[in-house]
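Asks: Would you be able to build a 3D model of this:
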Amino acid sequence: MPGKTETDYKTLTDEELILLFQKEDVRAFNELVNRYKDRLVNFIFRYTGNKEESEDLAQDTFLRLYKSKHLYVEIAKFSTWFYTIALNLTRTYMNKKNKMKTTSISNYYDDDEKDYELTSGYILPDDSANAATEGEIIQKAISSLNAKFREVIILRDIQDLDYEEISKITSLPLGTVKSRINRGRECLKEMLESLHKSKTKK
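Replies: Purely as a prediction, here's the structure:
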């Protein structure tokens, strides 16, 4: 829009930006890209475990956003709509990739409302070799999770989305989301303990 500075765009909400972009304001789109690019790559990387794939899928997601901007309806949060696009693209890609047999660790526990937290959110610190190794261990454990647990764990514990938003993104009932997060955390906790033990034995 004429007269708007870059600073002005930074003060707008995501929803205001997508509405401007629907009116062909490309600077609004650029601001959305700047806000979401790192989080998006991190989200997809945690899902796929592959940096190059995550960057390609993030680019595909932004391209889909660019082409489908008019499908956004103002009643929804932009982040919910956007992550739904990203998740669907990533699911499709992984389903194609996993046509070959894959092995996944899927331990099922009774629902007991235990609420384990991951040890870190953005788990790729670059200040020490130990931290990098820890990040690799955690990513290996996340990649080993059954997909239905992995996606809700990433959305909740890494992207820090609330339960209701995850429910909308995944099209799952709220109770199912909470159950899967708790089960996923328990599986992840057990796998991390196992991976740490095998690491220390080497």
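
Asks: contacts, neighbours, all on C-alpha from now
Replies: Fine.

Asks: Where does the prediction get shaky in the chain?
Replies: 1-3, 100-132, 198-202 (pLDDT under 70).

Asks: which helix in it runs the most residues?
Replies: Taking DSSP state H as the criterion, the chain has its longest helix at helix 174-201.

Asks: So what's the residue count around the closest residue to residue 39 other than its chain neighbours?
Replies: Nearest non-adjacent residue to residue 39, counting by CA to CA, 6 or more residues apart in numbering: residue 159, 7.2 Å away. Neighbours of residue 159 under the rule other CA atoms under 10 Å: 16.

Asks: so residue 159 touches residue 36, yeah?
Replies: No: using CA atoms under 8 Å as the test, residue 159 is too far from residue 36 to be in contact (10.9 Å).

Asks: got the phi/psi numbers for the residue nearest to residue 39?
Replies: Backbone geometry at residue 159, expressed as degrees, to the nearest 10, gives phi -90, psi -10.

Asks: hang on, the earlier thing: which strands or helices does the longest helix of the chain pack on?
Replies: helix 129-144, helix 147-153, helix 163-170 (3 or more CA pairs under 8 Å, 6 or more residues apart in numbering; DSSP states H and E).

Asks: How many residues are close by residue 42?
Replies: By other CA under 10 Å, 23 other residues sit near residue 42.

Asks: Domain parsing of this structure, as residue ranges.
Replies: By the assignment in automatic domain parsing, the chain contains the domains 6-97, 129-201.

Asks: Quick one: end-to-end distance for the first one.
Replies: With CA to CA, to the nearest Å as the measure, the ends of domain 6-97 fall 40 Å from one another.

Asks: mind listing what residue 79 touches?
Replies: residue 14 (CA atoms under 8 Å, 6 or more residues apart in numbering).

Asks: quick revisit: the helices and strands packed on helix 174-201: which one's closest to residue 194?
Replies: helix 129-144 (9.5 Å; CA to CA).

Asks: tilt between the closest one and helix 174-201?
Replies: Between helix 129-144 and helix 174-201, the angle comes out at 130 degrees (axes from the mean of the first three to the mean of the last three CA atoms, to 10 degrees).
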